[in-house]
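In: Below is the structure, and that's it, no one-letter string:
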Ligand SMILES: [Zn+2]
């Protein structure tokens, strides 16, 4: 049991360190909070949930604090169920502490139930036997006593297993939290993008959270696809700004994510500036709304070539959003050439990242040009 606890705790630490934490850039106090969360709070809760699921009140407070930290605001523009999903399903991998702690408790006790021969195993079999028998997960023998009234902390187990459709899992899976967790993660429904089927949406979400992208760009793609960027239209809906119109002079259209990155005449001018670089990999007609907004291209690109295109597109989107914020917050109007120069800085970062990874020759062969 002790071995199980320490082995699983290691995989849980990896799970939390590889999740959405890598997607956000944090100020100093945000980093301190994260350190406290990962080093003190989460391990303590896992230790507690070996014996009892944490109290409901604590779970609600924690979920609220985590959501507030994630959005950096009291307003939550997107349902938590979506944010909790894995990235390839359209979520942000935000840890659903309530679910993970319950799952940890269930995995721990089913591990003891099926595989432990010690007194702890006997205790769990006696108390949990009735629940598992009613779910057809266990057939008792004549020499296995079990209680017909399970203790209070085991009552939720039946509903939990039924809700997550985990009754059909092979008992061997209950040996590892990681295996059970990956089974549950794969059953999350994919958030479909406009006029895209499930499989294409899944591919698009995976591309938007490509591990080689900067965390800033991954976050931007995800927020733009879910329409949760603080654009004028989104703010106007909450009565936080008097007009939903685009802040650019001479543009009277509503400002929403696709407008900032594609429809606005200013965005068109910036994309035109980027064409000399993109021409090494695609034709002008292949630079479409779908490619920019939903990472869904039409060309027969190799994976590395597609990554380069997507890095350039991400850099331009990042620069467009920065330019928009500079205009709104500092009242400074940047010219398209200045925005393209900002994008070039990010493109150069991606290029040098490739040089560090596999050398100059390989990077040049993939990029086909020296980023300006
Ligand atoms: Zn505009």
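Out: Received it, and whenever you're ready, just let me know what you need. Here the structure is a predicted model, which is why all the values come from computation and not from measurement. Residues are numbered from 1 along each chain as shown.
In: buried residues in the helix ranked longest in the chain?
Out: The longest helix of the chain (DSSP state H) is helix 303-330. For helix 303-330, the neighbour count (16 or more other CB atoms under 10 Å) marks 305-324, 326-328 as buried. The C-beta positions use only the backbone N, C-alpha and C, and glycine is treated the same way.
In: do stretch 274-283 as well
Out: By neighbour count on 16+ other CB under 10 Å, the buried set for stretch 274-283 is 274, 277-278, 281-282.
In: Ok, stretch 192-208 next?
Out: Quick answer for stretch 192-208 (16+ other CB under 10 Å): 192-193, 196, 200-205, 207-208.
In: Tell me which two in these are the farthest apart.
Out: 192 and 207 (15.0 Å; CB to CB).
In: Residue 48: which element?
Out: In this assignment (DSSP states H and E), residue 48 forms part of helix 42-49.
In: now the angle from the helix or strand just after that helix to helix 42-49?
Out: Using DSSP H and E, the helix or strand that follows helix 42-49 in sequence is helix 56-71. Orientation check (axes from the mean of the first three to the mean of the last three CA atoms, to 10 degrees): helix 56-71 against helix 42-49 gives 160 degrees.
In: mean confidence for the next helix or strand after helix 56-71?
Out: Using DSSP H and E, the helix or strand that follows helix 56-71 in sequence is helix 80-83. Mean pLDDT, helix 80-83: 90.
In: Go through the helix or strand just after helix 80-83 and flag the buried ones.
Out: Per DSSP H and E, helix 80-83 leads on to helix 97-115 as the next helix or strand towards the C-terminus. Using 16+ other CB under 10 Å as the test for burial, helix 97-115 gives 97-114.
In: Identify the residues contacting the helix or strand immediately after helix 97-115 in the chain?
Out: Going down the chain from helix 97-115, the next helix or strand is helix 119-134, by DSSP H and E. Residues from elsewhere that reach helix 119-134 (CB atoms under 8 Å, 6 or more residues apart in numbering): 1, 109-110, 112-113, 115-116, 138-140, 144-151, 154, 157-158.
In: what's the offset of helix 119-134 from the middle of its chain?
Out: Relative to the mean C-alpha coordinate of its chain, helix 119-134 is positioned 36 Å out (CA atoms, centre = their mean, to the nearest Å).
In: Next, the angle helix 97-115 makes with it.
Out: With the same axes, to 10 degrees defining the directions, helix 119-134 sits at 100 degrees from helix 97-115.
In: Rounded mean pLDDT for the helix or strand that comes right after helix 119-134, please.
Out: Using DSSP H and E, the helix or strand that follows helix 119-134 in sequence is helix 152-163. Helix 152-163 carries an average pLDDT of 84.
In: where does the residue of the stretch 1-150 of the chain found nearest the ion fall, phi/psi-wise?
Out: Residue nearest to the ion within the stretch 1-150 of the chain: residue 77 (21.4 Å; CB to the ion). Main-chain torsions, residue 77, degrees, to the nearest 10: phi -70, psi -10.
In: repeat for residue 245
Out: phi -70, psi 150.
In: And the helices in the stretch 151-300 of the chain?
Out: 152-163, 177-186, 198-208, 215-225, 232-237, 257-258, 265-278, 289-294 (DSSP state H, counting those that start in this stretch).
In: In TSV: these, plus distance to the ion.
Out: Shown next, in TSV, are the helices of the stretch 151-300 of the chain (distance: least, CB to the ion, whole Å):
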stretch	distance to the ion
helix 152-163	45
helix 177-186	39
helix 198-208	23
helix 215-225	15
helix 232-237	10
helix 257-258	11
helix 265-278	6
helix 289-294	15
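In: Look up how far residue 219 lies from the residue most central in space within the chain.
Out: Ranked by distance to the mean C-alpha position of the chain (CA atoms, centre = their mean), the top residue is residue 92 at 1.9 Å. Separation of residue 92 from residue 219 (CB to CB, to the nearest Å) stands at 8 Å.
In: how about the closest residue to residue 321 other than its chain neighbours, what does it touch?
Out: Nearest non-adjacent residue to residue 321, counting by CB to CB, 6 or more residues apart in numbering: residue 220, 6.0 Å away. By CB under 8 Å, 6+ apart, the contact set of residue 220 is 229, 314, 317-318, 321.
In: Poorly predicted segments of this structure, please.
Out: Within the chain, the stretches with pLDDT under 70 are 1-35, 37-38, 298-299, 372.
In: Flag every residue of it that's near the ion.
Out: Residues of the chain lying near the ion by CB under 5 Å from the ion: 246, 248, 251, 264.
In: go with 6 Å
Out: For the chain, the contact set with the ion under CB under 6 Å from the ion comprises 246, 248, 251, 253, 259, 264.
In: For residue 291, the count of nearby residues, please.
Out: By the criterion of other CB atoms under 10 Å, residue 291 has 20 neighbours.
In: was I right about it contacting residue 313?
Out: Yes - in this structure, residue 291 is within contact of residue 313 by CB atoms under 8 Å, at 6.7 Å.
In: Find the closest residue to the ion in the stretch 101-250 of the chain.
Out: Closest point on the stretch 101-250 of the chain to the ion, by CB to the ion, is residue 246, at 3.1 Å.
In: From what I see, residue 258 and residue 293 are in contact.
Out: Yes - using CB under 8 Å, residue 258 is in contact with residue 293, at 5.7 Å.
In: what residues are shared contacts of those two?
Out: Overlap of the contact sets of residue 258 and residue 293 (by CB under 8 Å, 6+ apart) consists of residue 224.
In: I'm done for today, thanks for sticking with me.
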